Structure formats: structure tokens, C-alpha cells
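coords below, sequence missing:
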């Protein structure tokens, strides 16, 4: 599947893609290939019909093994429907394996069909694109088709990365598969006792069973706490995981889940300290009729983050880097995904800047940088969002010396590994 490559013929006048002059130049270019090279032709809705008839009048026709298009006067071994590569057709005597396949179709469908033939055409053909530069590259270098997981730990700053990243994946035509978390399974929740809620291992197994069915060019997003090491059993899977200073994560979760339960009022210092200690020491279970969220204690949370840094095929993105080194961080993401250069998809600096802006609090709150009350999330159209401050190191504004010392004693080693000591 990953044995195909891509090469351009170096034609310059792409504005007149289907002109007679360009067709003549393409034929001349094909004659430059070795005498024993075999060819395939890939069109779309008859786009390659004229050049096909020109090839028929030349000696190149003897080396043309297949002409793929969805519109043919007669379908046979030579004139094939692209979908015939996927399904059995009793009237077809062979599966063609040309050395080169010429793509002669509108630019807006080139990527779709390049990926289709990459996945379904047997052999190791080189895909020829007339209007790309004369250089050959293996497709596995140009783009990685393997499925991708976006691992967003709750309160690690999901909104800061999720909107830009999903926009980039859509821009490069990856398809999102919906994730159905165990915590939001309504039928299951209505049968669960609050004393017997799934533990983190069962939650992880549930995600693994969904993620392992991802196809090429698909991605999935998770937003529940679980140990990412469970996914190391899936060697094909690539992962992008967002982490944050665990102390900020605890602070954000406390503000999101605890303060609203007290009517939105600001708790007294002793009440806040007591509640944060309880959250760190025992974790928390948010239980509703049709929903639950199991929140880990502080040591488990920090261990989850350390495990992320040790997980295979994983790009770790720090919330703090998104704030203090945004351009460099997104460039690193693009390079890791293979999106920093692509022969068939362009990403302008303006488009990238817009996608990055979608992760800002200013965008998510429709212009509001933060709420007037720093203890409350920003209010957007009357609904509390998870955007409260969007800052780094906010835990220092809420932790007492006793809380700070407790964190150092419990997770000091993990903070050092994560770079937060």
C-alpha cells in the first residue's frame, strides 16, 4: 500500500490543463521513459478521453495496460471503472500493475484519486502528475495515511488546540470518526450504580475497541481521562497528546466542576484549600443520570502525563508552548504530520494564522478575552464555557503554601520529568 511514488512531468501551463498543446507535451514526456515501461491512465468523468485517443494512435498504446475512468463507451480489461479495483468483477482477467500511472483530471479531485489508487492499485507504480516539478518522492514521505488520535485530557486546555488541529486535518482532507465515550453512553449510564462505575482500565479498553477500527486518513478525538499506554498495542496509530502543568489542570478542573456547585460564589480560602486537597488526594466522580466523569487523584493524573511522554508514535504538545511559542509549536505539528509541504495541497500563512486564531480565547468567546470575575468562566451567549483565563501558571494564584508543598511531595518527580519543576 505504501510502495507507490509520485513524480511530476514539469509542464508549466496548468491554466490550460486540457489543451492540445499540453497533451502533445505530455506524449513527448512519456516517450522519454524506458522502452519497456508500462503505463496506466487515470481520468475523471472523461477528462482523459482526448489524450487516450491520441495515445491509441502512437506506439505508446502497446504499453498502455489500463485506462481508469467512470465514463467509458465500453468497459473491458483496458477501459476500467476505478471501483473495479475494490470489488470482484468476473469479466476482468487481470489486475493491472503498470509502472507509471498518468493522472489527467481536474485539480480538485487529484488528491482524492491519488489516495484511492494508492490504497487499491497493486504493485509499485509511480503516479505521474503533468504540472508538478520533475522530481520523484515516495508517497509515504509525502503523506502518512495511518490513522490519528487526538488525545485531549480534560482541563489541559483542549479548546486551545482542538479547533486549530481539526481545521488543519480537515484542510488536508482527513476524515473525523466520531468517538462514543463510555461516560456518555446513556443506556449504560441508566443501568450503572454509582458505586460500580467503570474504572480507568475499562474506560481505556472501551476507547481501544473503537480506535482500533480507524481506517486510513481517519482521526478520532478523545476527551476523557485514561492511560494512553493502552493504545501502544495499536502500532499503526499515531497520536497527538496535549499536556499541561498538572497543578494548572487541577485548578482548572476545580473551577469548572466545584465552584458552580456552590452557586457560582467564590469559596473562602479555607473552603477552597479543603476542596482542592480532597480533589488531589481522592479524585472525584461527577455523576449525572446519563453521564459520569471519573477524575483521577493528583498522582494518577501526573503519571498519565508522564506516560504520554513515553508512549510510542506520539507527538506531545504542551499547553504552555501554545501560549509562549505558538508559531514554532504549530510548525512542529505540521512537520510531524507531514503537512509542512504537500504537492497537491497548499496551506498559506494566512490560512494557518486563521486556524491558529480559532484556538484563542478571543475567538472562542467572540471577542471577550476573559470574564470580569477571575473565578468564573467567560460567559458566551449566557452559557458558561470552559474558557476562564487561558493563562499558564494560574495555580500560583490559588494554591496555599500547604497545597504547593503537597504537590511537590506527591508529584515532584513527575513535574521534573514533564519540565514543570
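Okay, I see it. Small disclaimer: the values here were computed from a predicted structure and weren't measured.

helix, strand, or coil at residue 35?
coil (DSSP: H, G, I helix; E, B strand; the rest coil).

how many neighbouring residues does it have?
7 (other CB atoms under 10 Å). (C-beta placed from N, C-alpha, C; glycine too.)

what's the per-residue pLDDT of it here?
As predicted, residue 35 sits at a pLDDT of 95.

just the strands from the stretch 101-250 of the chain, written as ranges.
Taking DSSP state E, counting those that start in this stretch as the criterion, the stretch 101-250 of the chain contains strands spanning 126-129, 136-138, 148-152, 175-176, 218-222, 238-243.

by contact count, what packs against the shortest one?
Read it as strand 175-176. Judged by 3 or more CB pairs under 8 Å, 6 or more residues apart in numbering; DSSP states H and E, the packing partners of strand 175-176 are helix 158-171, strand 218-222.

list the buried residues of the longest one.
When burial is assessed from 16 or more other CB atoms under 10 Å, helix 158-171 yields the following buried residues: 158, 159, 160, 161, 162, 163, 164, 165, 166, 167, 168, 169.

can you redo these as JSON lines with distance to residue 46 and pLDDT?
Output for these, formatted as JSON lines (distance: CB to CB, whole Å; pLDDT from 0 to 100):
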{"residue": "158", "distance to residue 46": "46", "pLDDT": "91"}
{"residue": "159", "distance to residue 46": "46", "pLDDT": "88"}
{"residue": "160", "distance to residue 46": "47", "pLDDT": "90"}
{"residue": "161", "distance to residue 46": "44", "pLDDT": "94"}
{"residue": "162", "distance to residue 46": "42", "pLDDT": "94"}
{"residue": "163", "distance to residue 46": "40", "pLDDT": "92"}
{"residue": "164", "distance to residue 46": "39", "pLDDT": "95"}
{"residue": "165", "distance to residue 46": "38", "pLDDT": "96"}
{"residue": "166", "distance to residue 46": "36", "pLDDT": "95"}
{"residue": "167", "distance to residue 46": "34", "pLDDT": "96"}
{"residue": "168", "distance to residue 46": "34", "pLDDT": "96"}
{"residue": "169", "distance to residue 46": "32", "pLDDT": "97"}
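
CSV for those, including distance to residue 209?
Shown next, in CSV, are the buried residues of helix 158-171 (distance: CB to CB, whole Å):
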residue, distance to residue 209
158, 23
159, 27
160, 29
161, 25
162, 23
163, 27
164, 29
165, 24
166, 23
167, 28
168, 27
169, 22
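
from those, pick the one nearest residue 189.
Nearest to residue 189 among the buried residues of helix 158-171: residue 158, at 22.1 Å, using CB to CB.

need the contact list for the residue nearest to that closest one when sequence neighbours are not counted.
Of all residues beyond its chain neighbours, the one nearest residue 158 is residue 152 (4.2 Å), with distances taken as CB to CB, 6 or more residues apart in numbering. Residues near residue 152 by CB atoms under 8 Å, 6 or more residues apart in numbering: 158, 161, 162, 221, 222, 223, 242.

cool, and residue 363?
Here residue 363 is in contact with 163, 357 (CB under 8 Å, 6+ apart).

quick check: which element contains it?
Taking DSSP states H and E as the definition, residue 363 sits inside helix 361-364.

kindly report the same for residue 67.
strand 64-68.

packing partners of the helix or strand just after that strand?
Downstream of strand 64-68, the first helix or strand assigned by DSSP H and E is strand 79-80. Strand 79-80 sits against strand 64-68, with contacts defined as 3+ CB pairs under 8 Å, 6+ apart.

next, the buried residues of the strand it packs on.
Applying 16+ other CB under 10 Å to strand 64-68 flags 64, 65, 66, 67, 68 as buried.

between those, which is closest to residue 274?
residue 68 (69.2 Å).

I figured the closest one hits residue 39, correct?
No: the criterion here is CB atoms under 8 Å, and residue 68 misses it with residue 39 at 11.6 Å.

pairing partners for residue 5 in the sheet, please.
In this entry, residue 5 is beta-bridged to residue 126, residue 138, by DSSP bridges.

doesn't residue 329 lie inside a helix?
Yes: membership of residue 329 in a helix is supported by three-state DSSP.

so it makes contact with residue 316?
No: the pair residue 329 / residue 316 is not scored as a contact, 10.9 Å apart, by CB under 8 Å.

which of the helices or strands spans residue 332?
Per DSSP H and E, residue 332 falls inside helix 326-337.

touching that helix from outside, list them.
144, 148, 164-165, 168, 172, 240, 315, 317-318, 321-322, 340, 347, 352, 356.

can you pull out the helices in the stretch 251-400 of the chain?
Along the stretch 251-400 of the chain, the stretches classed as helices by DSSP state H, counting those that start in this stretch are 269-282, 298-310, 319-324, 326-337, 349-357, 361-364.

count the neighbours of residue 141 for me.
11.

okay, now the unreliable bits of the stretch 151-300 of the chain?
260-266 (pLDDT under 70).
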